[in-house]
Each structure stands twice: as C-alpha cells, then as structure tokens.
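Engineer: got a predicted structure plus its sequence, pasted below:
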Number of protein chains: 2
Amino acid sequence: MADLVYQRIITSLKKAIDEGEFSDMRLPDERSLAESYSVSRSSIKRALGLMADQGIIFKKRGSGTFVNPLYVKQGSSFNYSGKNLGITDSFNSKGQKPGVKVLSFDVIHPNKDMQDNLFLKPSEFVYSFKRLRLLDDVPFMIETGYIPIKLAPELSEQIASESIFNYVESELGKEVNKTYLNISAEPSDSEGKELLHLADNEPVGLMEGIFFLDDGTPFEFSTMKLHYKYFKYDSFVDLANK
Amino acid sequence: MADLVYQRIITSLKKAIDEGEFSDMRLPDERSLAESYSVSRSSIKRALGLMADQGIIFKKRGSGTFVNPLYVKQGSSFNYSGKNLGITDSFNSKGQKPGVKVLSFDVIHPNKDMQDNLFLKPSEFVYSFKRLRLLDDVPFMIETGYIPIKLAPELSEQIASESIFNYVESELGKEVNKTYLNISAEPSDSEGKELLHLADNEPVGLMEGIFFLDDGTPFEFSTMKLHYKYFKYDSFVDLANK
DNA sequence: CAGTGGTCTAGACCACTCA
DNA sequence: GAGTGGTCTAGACCACTGG
C-alpha cells in the first residue's frame, strides 16, 4: 500500500496539511512539487487528483491548488476520514462489538426481480437468508440477502452467522469490492418495530445494494433495514460531472 | 465536452456496449483499443478508468476488462444514468414542474457550528433562509440555508425565490460545483408534518450539506428535510479504497 | 504575459492471471 | 510464458487566471 509513488505523496501531503504547513491554504504548483519530490508531474497529478476526489483539496485551472478549509478543522460536523461506506466494515469502526444472529436460511427460486439483479436464469437457485446485526448486543439492522448457489456452493447457516464476505475471500479466493447502493427511508413495519425496538413514529433507513465480485459478477442482492439512529451516509460529490 | 479524446472514447464505447457489440461481456485489451482508436494507451486508460468509477465496466489485472451486466439490463432497479446527485438538479429531472416558496429570509450572526462549517469569524453575518420546495405544486422538501453575506452581498428574498446557484453563476461569475453531504433519517417533527403533509408515523429524509465554490470556499450550509417518498440517493461504491 | 492546472503522447517496466 | 491491466516517466502543447 505504501510502496506506490502517488500513495507516498498523498500521505506526505496530508501530513504537511495536518501540520499546518500551508498556512495560506495554497499548495505549491505541480511542477515544483514534482521537483521537490523528485517524481514526474504525472505522479503529482495523480496524487492531487485523488485528493481532490476525496474533497481534501480543490484544484482551479490558472489559479492553483487549495486546501479544503473544512479538512483542517476540528469539531466540524464532517469527518474526512477516508471513504464513506455505510456498509459492513464501517459498522465495526466505532469500537463496538459487532454481532450477527441468523433468523432464516433457505434455498429458493429467484423471482423476476432477483433474476434481473443477479443475472440469473429462472432455473437457478439462490440462497435466501435474513440476519439481525447487533452492536454491543443491541440490534440495529435487519439484513435480507440473496446469493446464487453457483457462486458459493458451500455456503451454510454457520458461515452466515459469521462473515460471508470473509468466507468468500479466504475460501473461494475471490473478493467483493464494489457495490451499487440505493438509499431511502420508510416508516417502520411490524418486523422493524419488534426486532429493532422502534416506536410507532420511528422510521428505518433502507440500503438496497448489489455487491459485485472483482470480475464484475453480481454476487449478492441485499436489503438492509437500519434503525434510524444508526443510519448515516457521508459523501463528497462533484456536481460538475454531467 | 465532446472534443476531448477520452470523452469521445467513453461515448463511443458506451454506444458499442448499448448495441451489444461485446457479446461475451469482454472489451478488447487496452493496447488494441489504443490502436483501433489511434490514440495513446494512456487515453484509453483514462476513459476506462472513468467508466469503471461509474460502475459501467470492471477491470481486472491479468484478466481483462468486462461490462457490468447490470449496465446493459433494462428494468433493473438500478439506473446508471450518470451521476447520482439527490440535489437540486436531479429533483427537476423527472419532468415535474419545480416550485419554490420562501418561508423566511433574514440576516443573523452565525452560531459556533456555522462559524466552523462556513469558516467565518464570529463578527461576520450570514443570510439565513428557509424555503419550501414543490414539484407540480406538491411540497416535498423544507430547506434551511445559511450563506455568508460577504460571498453574496446582493442576495435577496427575490433571488431566493428563484435559484440562488444560478444567480451566483450568472451574476457573480463563480460556480458551485462540490458538496459534502451527510445523509440520515428522522421521525417527522411538527413542522414536517404540517408543511410536507406527513402522518405521525411518516419520517423525513435528512440531507445536510456544505456547498463549495470552485476555489474551495464554503459557500452555503444547507439542511434539507425531504418527504420520505422523495428521498432517494444512488451511489456506486468501491469498497477497496482503504 | 507569466503562472497554473488540463490533456495527450510514447514508451519502459512491473504484477497478476491463466492456460 | 503470453497476455492483461497498473505504475511511472519526460515532455509537448493547450486553456484559463490574474496582475
């Protein structure tokens, strides 16, 4: 991770920003940076481009490159701690103990929707499972998942009670590393009220997603209903990409 | 927009994909593409990289480049129509007539939070306004916004009743093109129930955002409360960016 | 006009996949 | 080992900003 030139530069520039090195919020121009790091301008451009995508800096043609003032701030309501998942990994990141309880685990025929989303023929089977996820023994999310059996023939309730993605990575040698997410919210239904201990007026956050293997195969279709207090998603958006 | 090499290639490849040219879901390798388009491999890499960021294709080192099967599908629950704003622009995009009603418009001192988020001194003033947004005369969003007066000295209730961002672009010659978003959900409060016609159990979607000018200046802090049925956000996420 | 970021090229070498 | 994408370089030229 750290032996790449552009990664090294990103790390170094972040550190310099954190240490208040650019007091006027302006970075040196790309050509100077290339020289002082003894790398090509292309590598500098790559590093700065990634940092701009993350909202750490802003680039303006003809003017220069500037630090996002909010990146430096403490106590801002926004944290720039890297990526903004909202997915499994980030749930663990708050120092709370994650837990999983499998509510059901079956093999079924996919409906039309599922066939489309997972790119399946009607004759193919999928695992269908429902899990309750907890943090420090408090339930916060109901997850309904569908995975084609041909992609994980040995999947079991035992595996579902631990981590499916870890299993895929360690046992099948593949990696789940992309997802298409659809985020919304709804009033809680009876299931949500019961399992997530929600009051009548309290909603759930919905995250519907398709997870892909690294070769692009759709691996899982998942619907995640979250207790609204655990429902949070951060995103830095470039409105210019038309 | 269309005179750039990598844009031309993206357009061309998208068209080819739509027309089913790559029946095995596999694109030619980068070196072949470079030759057939008579451009450098770098330009091909740039085009393919952007397409991968948008989830149109998947690249796998050592294996090749593949079309995302869901990009081709019709009737999938996912649309890949480019960017996934959830912001002002996209609200208009459904062929419905947008409307704005200004509920209040004042100049105030920013509180501590606002000072941090907009990078202000305590002595500086901000415009504070609340707007109700409608689609085909149906209210769907309550927007509370704060803009430093020094960034838009001539702002008025009249302008707020139209489009503030259009005003900034045409009159001030600056552009608002980046935003940091924080998405969540809550039970509706009395204001939401009244203005958005929500029942007791129906929630609002929350989008808190800071909008930036192209040089990185924080321009507006905005809190958007949306009727939950209009609350939707799509996102393609690379889980590998650690 | 000088300075800055944006686009594009041509080519070298590396790292991974799979037959 | 052949084929594929990933990283990096060195340099040319363009487009925009601002004094």
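Structural biologist: That came through fine.
Engineer: so, low pLDDT: which residues of chain A?
Structural biologist: By pLDDT under 70, the weakly predicted segments of chain A are A:1-2, A:74-95, A:241-242.
Engineer: what's the domain layout of it?
Structural biologist: A:5-72, A:88-230 (automatic domain parsing).
Engineer: what's the closest of these to B:T65?
Structural biologist: domain A:88-230 (9.1 Å; CB to CB). From N, CA and C alone the C-beta is placed, and that goes for glycine too.
Engineer: sorry, back to before: need the domains of chain A in TSV (columns: distance to DNA strand C and mean neighbour count).
Structural biologist: As requested, the domains of chain A are exported to TSV (distance: least, CB to the nearest atom of the strand, whole Å; neighbours: other CB atoms under 10 Å in any protein chain shown):
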stretch	distance to DNA strand C	mean neighbour count
domain A:5-72	3	16
domain A:88-230	7	17
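Engineer: right, and those domains - which one's nearest DNA strand D?
Structural biologist: DNA strand D sits nearest to domain A:5-72 of all these, at 2.3 Å, using CB to the nearest atom of the strand.
Engineer: does chain B sit close to the closest one?
Structural biologist: Yes - Domain A:5-72 lies within reach of chain B by CB under 8 Å from any CB of the partner chain, at A:25, A:55, A:57-58, A:60, A:63, A:66-70.
Engineer: farthest pair within the residues you listed?
Structural biologist: Among these, A:S63 and A:L70 lie farthest apart (CB to CB), at 19.2 Å.
Engineer: picking up where we left off before, of the domains of chain A, give the one that comes closest to B:I159.
Structural biologist: Among the domains of chain A, the nearest to B:I159 by CB to CB is domain A:5-72 (25.1 Å).
Engineer: who's in contact with the closest residue to A:R31 other than its chain neighbours?
Structural biologist: Leaving aside its chain neighbours, A:R31 sits nearest to A:R41 (6.1 Å; criterion: CB to CB, 6 or more residues apart in numbering or on different chains). Shown in contact with A:R41 (CB atoms under 8 Å, 6 or more residues apart in numbering or on different chains): A:30-31, A:34.
Engineer: regarding the residue lying farthest from the centre of chain A, what is its secondary structure?
Structural biologist: Here the centre of chain A is the reference, and by CA atoms, centre = their mean the most remote residue is A:E35, at 35.5 Å. At A:E35, secondary structure determined by DSSP: H, G, I helix; E, B strand; the rest coil is helix.
Engineer: before we move on, what about the one 4 residues further on?
Structural biologist: Going by three-state DSSP, the secondary structure assigned to A:V39 is coil.
Engineer: look up how far A:R46 lies from it.
Structural biologist: Taking CB to CB, to the nearest Å as the measure, A:V39 falls 10 Å from A:R46.
Engineer: and A:R131, by the same measure?
Structural biologist: From A:R131 across to A:R46, the span is 40 Å (CB to CB).
Engineer: how about A:E154?
Structural biologist: For A:E154, the distance to A:R46 equals 41 Å [CB to CB].
Engineer: residue boundaries of the strands in chain A?
Structural biologist: Secondary structure of chain A (DSSP state E): strands located at A:26-27, A:57-60, A:64-67, A:98-108, A:126-135, A:138-148, A:176-187, A:203-213, A:218-227, A:233-238.
Engineer: nearest to A:I9, out of those strands?
Structural biologist: Comparing these by CB to CB, strand A:26-27 comes nearest, at 11.3 Å.
Engineer: and the closest one, what does it pack against?
Structural biologist: strand A:64-67 (3 or more CB pairs under 8 Å, 6 or more residues apart in numbering or on different chains; DSSP states H and E).
Engineer: is stretch A:205-221 in proximity to chain B?
Structural biologist: Yes - residues of stretch A:205-221 contacting chain B under CB under 8 Å from any CB: A:205, A:208, A:210, A:212, A:214-218.
Engineer: one more: stretch A:227-240?
Structural biologist: Yes - part of stretch A:227-240 sits near chain B under the criterion CB under 8 Å from any CB, namely A:228, A:231-240.
Engineer: buried ones among those residues?
Structural biologist: Those of these that meet the buried threshold are A:228, A:231-237, A:239, by 16 or more other CB atoms under 10 Å in any protein chain shown.
Engineer: so what's the closest residue to A:P203 other than its chain neighbours bridging to?
Structural biologist: Spatially, and ignoring its direct neighbours in sequence, A:P203 is nearest to B:P203 (3.4 Å; CB to CB, 6+ apart). Per DSSP bridges, residues listed as beta-bridge partners of B:P203: B:P187.
Engineer: for A:V126, same thing?
Structural biologist: Beta-bridge partners for A:V126, by DSSP bridges, are A:I108, A:P148.
Engineer: contacts only, for it.
Structural biologist: Residues near A:V126 by CB under 8 Å, 6+ apart: A:107-110, A:114, A:118, A:120, A:146-149.
Engineer: reformat these as TSV; add distance to DNA strand D.
Structural biologist: Below are the contacts of A:V126 laid out as TSV (distance: CB to the nearest atom of the strand, whole Å):
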residue	distance to DNA strand D
A:V107	35
A:I108	36
A:H109	35
A:P110	31
A:M114	30
A:L118	24
A:L120	26
A:Y146	29
A:I147	26
A:P148	25
A:I149	29
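Engineer: which one of these is nearest chain B?
Structural biologist: For these, the minimum distance to chain B (CB to the nearest CB) is 9.2 Å, reached by A:L118.
Engineer: what sits against the closest one?
Structural biologist: A:110, A:126, A:146, A:148, A:210, A:218, A:220-221.
Engineer: rerun at 7 Å
Structural biologist: Neighbour list for A:L118: A:110, A:126, A:146, A:148, A:218, A:221 [criterion: CB atoms under 7 Å, 6 or more residues apart in numbering or on different chains].
Engineer: closest to chain B among the residues of stretch A:205-221 next to chain B?
Structural biologist: Using CB to the nearest CB, A:G216 comes nearest to chain B of the residues of stretch A:205-221 next to chain B, at 3.5 Å.
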